[in-house]
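> Have a look at this prediction, sequence included:
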Amino acid sequence: MAAVLTGLFAAGLAWLVAVTAAHFGQGWALVALIATVGMLFGGLAQVWLGRARGVAEAAVPDSDEARTLCAIARGVHGIEALFDPSGKLLWISPSIAQLTGRAPADYLAAADALALLVHESDLAFCRKALTQVGASGAPEDFEMRFTQTDGGVCWVACHWRRLERGVGPAALRMSAENIQARKETEYTLLETVAELRRSQALREHYLARSNDERLRLTALLDVIRLGILFLDQDSRVVYFNRAILDMWGFGPDENLIGLRNAVLRERVAPLLDETTPCHGPSDHPSGPEQAREIRLADGRVITCASATVAGELDGRAIGRVWIYEDVTAQRQIARRMVDLAERDPLTNLYNRRRFHEELERLLADALRRGFDVGLIILDLDGFKPINDEFGHQAGDEVLTRIARKVGAMVRRNETFFRLGGDEFAVLVPDAGESGLIELARRIVEGVASLEFEFEGKAVSLTVSLGIALFPRHAQEEGTLIGAADQAMYASKSEGRNRWSIACRR
């Protein structure tokens, strides 16, 4: 197109000069040539200015509000930027270079300015927010991270607003301010909480801070679940947190400041379990105290530890800090885990694993103290036919009833186990042969006295027992179990429903 226009212009210019020279002479022809060239360059200048104006108008948003914001943003310390609804960067303030180390031109030249500006972990959320602001016009305020040229990040608080333009789609305005210092303060507070839980003590410099810092610390201590109590040199309360009130049954609005430790002990004494001595804040050594457990009448368990608080000037004690923690839930979980690992889920008796652990412990104790250990192994007679004919539910009922029956016969220092299937065992410390025989007799009679009814049929069963003594019949765990097993099989071969004692070795 440009070549055609240039050719037409040259032909027209030649014709104009020729006509002018023929009618008015060579002088007027030169004048005509100069005038025509001047008009040509004037037109070209207007075209170039028009194109330049269009480029400028495309680069700077066309609303008065946007132009005003751009002018203001060049002088502010925060970040101002304009995006089109698709997320393309239209303009960004020069202050971005101080924050990230990149010039505005770097972002304007990037194919994806947001990806260059925003940290990859926050990029998807930022794009979603930009789309929502563009679609609904509702403002969005959130925090995210900008990437820096040195590989670091900087936290900023962003405010997104939609700017309506006179012509074309609306622009999206982003205003951001540097909040890195605030974020570092938040991380410091979190680390302080972790340190409090690890050491269960607070240092004196928290008390020496300014009033504002003490207020922040008070708010922090009120949200943690540890009970914290400070006593001064006169054993008076100078600080307590909210958890102390909840833990020890005080009212939510009760003020303990100034109370002596003797008054506190009187207040908490009714809450203690009968087996727990009434230790109060005054019952402590001069140095750090190891954590101890306090059991309450309602079943709760609270751990308590304390330490002296040294003064800042000469190191002399200015009081003492007490840390209390309700560990009831942790103890219950630990007990439940032990039960799952060591107890039979059907009968709730200790299982084979616990049997071997207890037998090993008893044998070692017997060697040190010089007493005998008795082992009785029980095997039910006629259990398999019941299980086969009436099903596993009937078998389970038999096992549970026998476990309750025999469990009621053993004494507190004796332990009853289910080894598996229909096999059980009883461990008897400091045992004598006569006592074992009497226990075996009662077990045989007790099991035989049980009556069952399944599907309208009366059912009964018996038990065969084997008795072995350490160290009379065996010198170690495995041989002791083997001796009791052999005695039990001897009872079965002799007609069942009886007990037998192992042979001497």
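Arrived safely.
> can you list the residues that contact stretch 226-239?
Contact with stretch 226-239 is made by 196-197, 200, 202, 221, 240-241, 243-244, 246-248, 256-262, 264, 281-282, 302, 309, 317-326, as judged by CB atoms under 8 Å, 6 or more residues apart in numbering. For the C-beta atoms, the positions are set from N, CA and C on the backbone; glycine is no exception.
> Ignore what I typed, I meant stretch 426-440.
355, 358-359, 362, 365-366, 371-376, 378, 406, 409-410, 413-417, 443, 465, 467, 469, 499, 501.
> Give me the buried subset of the contacts of stretch 226-239.
With burial judged by 16 or more other CB atoms under 10 Å, the buried subset of the contacts of stretch 226-239 is 196, 200, 202, 221, 240-241, 243-244, 247-248, 256, 259-261, 264, 281, 302, 309, 318-326.
> Sort out which of the contacts of stretch 426-440 are in strands and list them.
Among the contacts of stretch 426-440, the residues falling in strands (DSSP state E) are 373-376, 378, 415-417, 465, 467, 469, 499, 501.
> Tell me, please, where in this protein the pLDDT is lower than the cut-off.
Along the chain, segments meeting pLDDT under 70 span 1-76, 165-168, 200-210, 275-289, 505.
> tell me, what residue is most central in it?
For the chain, the residue sitting closest to the mean C-alpha position, by CA atoms, centre = their mean, is Ala194 at 12.6 Å.
> Ala181 versus that residue, what's the distance?
21 Å (CB to CB, to the nearest Å).
> And the strands in the stretch 101-250 of the chain, which stretches?
140-147, 153-163, 171-178, 227-232, 237-240 (DSSP state E, counting those that start in this stretch).
> Can you add distance to Arg214 and give those strands back as CSV?
Converted to CSV, the strands of the stretch 101-250 of the chain look like this (distance: least, CB to CB, whole Å):
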stretch, distance to Arg214
strand 140-147, 27
strand 153-163, 27
strand 171-178, 28
strand 227-232, 12
strand 237-240, 10
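> Out of those strands, which is closest to Asp344?
strand 227-232 (39.0 Å; CB to CB).
> Of all the strands of the stretch 101-250 of the chain, which one is nearest Gly478?
strand 227-232 (50.8 Å).
> That closest one: which residues count as buried?
Buried residues in strand 227-232 (16+ other CB under 10 Å): Gly227, Ile228, Leu229, Phe230, Leu231.
> ok, so of the residues you listed, who is nearest Asp388?
Distances from Asp388 to these, taken by CB to CB, are shortest for Gly227, at 59.1 Å.
> Pull up the gap between that closest one and Ile244, please.
4 Å.
> so what sits against both of those two?
With CB under 8 Å, 6+ apart as the test, Gly227 and Ile244 both reach Tyr324.
> which residues touch Leu362?
Val373, Leu427, Pro429.
> Glu143 too?
Shown in contact with Glu143 (CB under 8 Å, 6+ apart): Trp155, Val156, Ala157, Cys158, Ile179.
> with those residues in mind, which one is nearest to Leu340?
For these, the nearest to Leu340 is Trp155 (45.6 Å; CB to CB).
> so what's that closest one bridging to?
When bridges are called by DSSP bridges, Trp155 pairs up with Arg145.
> was I right about it contacting Glu186?
No - when contacts are counted by CB atoms under 8 Å, Trp155 is not listed as touching Glu186 (9.5 Å).
> Those two - which one has more neighbours?
Trp155 (18 against 11; other CB atoms under 10 Å).
> Distance check, the more buried one against Trp248.
41 Å.
> Over to Ala341?
Distance, Ala341 to Trp248, using CB to CB: 34 Å.
> just Arg441 next, same as before
Distance from Arg441 to Trp248, by CB to CB: 53 Å.
> do Glu191 as well
On the measure of CB to CB, Glu191 and Trp248 end up 29 Å apart.
> that older thread, of the contacts of stretch 426-440, grab the buried ones for PyMOL.
To isolate the buried ones among the contacts of stretch 426-440 in PyMOL, judged by 16+ other CB under 10 Å, type:
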select buried, resi 355+358+359+362+366+372+373+374+375+376+378+406+410+414+415+416+417+443+465+467+469+499+501
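> what about dumping the CA coordinates of stretch 298-306 to CSV?
Below are the C-alpha coordinates for stretch 298-306, written out as CSV (Å, rounded to 0.1, in the frame of the first residue of the first chain):
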residue,chain,number,x,y,z
ASP,A,298,-12.6,-36.5,89.3
GLY,A,299,-10.1,-38.8,87.6
ARG,A,300,-8.0,-36.0,85.9
VAL,A,301,-4.2,-36.2,86.0
ILE,A,302,-2.2,-32.9,86.1
THR,A,303,1.6,-32.7,85.8
CYS,A,304,3.4,-29.9,87.7
ALA,A,305,6.9,-28.5,87.4
SER,A,306,8.5,-25.4,88.8
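> how much distance is there from it to the middle of the chain?
For stretch 298-306, the distance from its own C-alpha centre to the chain's C-alpha centre is 24 Å (CA atoms, centre = their mean, to the nearest Å).
> Stretch 213-220 too?
Using CA atoms, centre = their mean, the offset of stretch 213-220 from its chain centre is 24 Å.
> That stretch: which residues count as buried?
Buried, per 16+ other CB under 10 Å, within stretch 213-220: Leu217, Leu220.
> and if you look at stretch 474-487?
Ala474, Glu477, Leu480, Ile481, Ala483, Ala484, Asp485, Gln486, Ala487.
> check contacts around the residue nearest to Phe146 when sequence neighbours are not counted.
Computed as CB to CB, 6 or more residues apart in numbering, the closest residue to Phe146 that is not its neighbour in sequence is Cys154, at 5.0 Å. Residues in contact with Cys154 (CB under 8 Å, 6+ apart) are Leu99, Thr100, Arg145, Phe146, Gln148, Asn178, Gln180.
> Who does Arg236 form a beta bridge with?
The partner residues for Arg236, given DSSP bridges, come to Arg260.
> what's the neighbour count on it?
Count around Arg236 with other CB under 10 Å applied: 16.
> Distance of it relative to Ala194?
Arg236 is 30 Å from Ala194, by CB to CB.
> could the buried residues of strand 227-232 be laid out in a markdown table, adding distance to Ser491?
What follows is the buried residues of strand 227-232, written out as a markdown table (distance: CB to CB, whole Å):
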| residue | distance to Ser491 |
| --- | --- |
| Gly227 | 59 |
| Ile228 | 64 |
| Leu229 | 63 |
| Phe230 | 68 |
| Leu231 | 67 |
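> nearest to Arg331, of the residues you listed?
Gly227 (16.8 Å).
> Show me how the record splits the protein into domains.
Following the assignment in automatic domain parsing, the chain carries domains at 13-38, 64-178, 206-331, 344-501.
> got the phi/psi numbers for Gly435?
phi -70, psi -40 (degrees, to the nearest 10).
> again, but for Leu461
phi -150, psi 170.
> Number of residues surrounding it?
20.
> do the same with Gly251
Gly251, neighbours per other CB under 10 Å, totals 7.
> again, but for Tyr187
Count around Tyr187 with other CB under 10 Å applied: 9.
> Please look at Arg472 and Arg504 and confirm they touch.
Yes - the pair Arg472 / Arg504 is scored as a contact, 6.6 Å apart, by CB under 8 Å.
> hang on, the earlier thing: show me which of the contacts of Leu362 is closest to His119.
Leu427 (63.7 Å).
> That closest one pairs with what?
Where Leu427 sits in a bridge, its partners, by DSSP bridges, are Leu375, Thr415.
> Isn't Trp91 up against Ala105?
No - contact criterion CB under 8 Å: Trp91 and Ala105 do not qualify, at 11.4 Å.
> Show me which of these two is the more surrounded one.
The neighbour count for Trp91 versus Ala105, taken as other CB under 10 Å, is higher for Trp91 (20 against 10).
> That one should be in a strand, yeah?
Yes - Trp91 forms part of a strand when assessed by DSSP: H, G, I helix; E, B strand; the rest coil.
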